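> Pasting a predicted model and its sequence here:
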Amino acid sequence: MHRFTLPTMTCGGCARAVTKALQGVDPHARIETDPPAREVRVESARERAAFLAALADAGFPATP
């Protein structure tokens, strides 16, 4: 399970964009977004770096 903090994910629209970006890396990933906490959890066998790159490309860079 990968956990990411996304300071710019503030609403449901942001959460949908984040989900779409992450599904581009792994269409079968289990993704849970929590806009109030600005957190996303991803269950996938893919590497963390691929998800970090997709998030950054979508305008939602993750903080450590």
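Good, I have the coordinates.
> For the rest of this, base every contact and every neighbour count on C-alpha atoms.
Noted.
> for the chain, longest helix please?
Longest helix in the chain by number of residues (criterion: DSSP state H): helix 12-25.
> Can you list the buried residues in it?
If you call a residue buried by 16 or more other CA atoms under 10 Å, then helix 12-25 has these buried ones: 14, 15, 17, 18, 19, 20, 21, 22, 23, 25.
> now do stretch 49-63
Buried, per 16+ other CA under 10 Å, within stretch 49-63: 51, 52, 53, 54, 55, 60, 61, 62.
> Could you list which residues are in contact with the second one?
Counting by CA atoms under 8 Å, 6 or more residues apart in numbering, residue 52 touches 61, 62.
> Same list (the buried residues of stretch 49-63) but as a markdown table, adding distance to residue 9, pLDDT and secondary structure.
A markdown table is the format used below for the buried residues of stretch 49-63 (distance: CA to CA, whole Å; pLDDT from 0 to 100; DSSP: H, G, I helix; E, B strand; the rest coil):
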| residue | distance to residue 9 | pLDDT | secondary structure |
| --- | --- | --- | --- |
| 51 | 15 | 97 | helix |
| 52 | 14 | 97 | helix |
| 53 | 16 | 97 | helix |
| 54 | 14 | 97 | helix |
| 55 | 11 | 97 | helix |
| 60 | 7 | 96 | coil |
| 61 | 9 | 96 | coil |
| 62 | 10 | 94 | coil |
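> Verify the stated contact: residue 58 with residue 18.
Yes. Contact criterion CA atoms under 8 Å: residue 58 and residue 18 qualify, at 7.3 Å.
> Just the C-alpha atoms of the longest helix of the chain, please, in CSV.
Extracted as CSV, the C-alpha positions of helix 12-25 are listed here (Å, rounded to 0.1, in the frame of the first residue of the first chain):
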residue,chain,number,x,y,z
GLY,A,12,-14.1,15.9,-5.0
GLY,A,13,-13.1,17.2,-8.4
CYS,A,14,-9.5,17.1,-7.4
ALA,A,15,-10.0,13.5,-6.0
ARG,A,16,-11.4,12.4,-9.4
ALA,A,17,-8.5,13.9,-11.2
VAL,A,18,-6.0,12.2,-8.9
THR,A,19,-7.8,8.9,-9.3
LYS,A,20,-7.7,9.2,-13.1
ALA,A,21,-4.0,10.0,-13.0
LEU,A,22,-3.3,7.0,-10.7
GLN,A,23,-5.4,4.6,-12.8
GLY,A,24,-3.2,5.6,-15.8
VAL,A,25,-0.3,3.9,-14.0
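> Lovely, talk soon.
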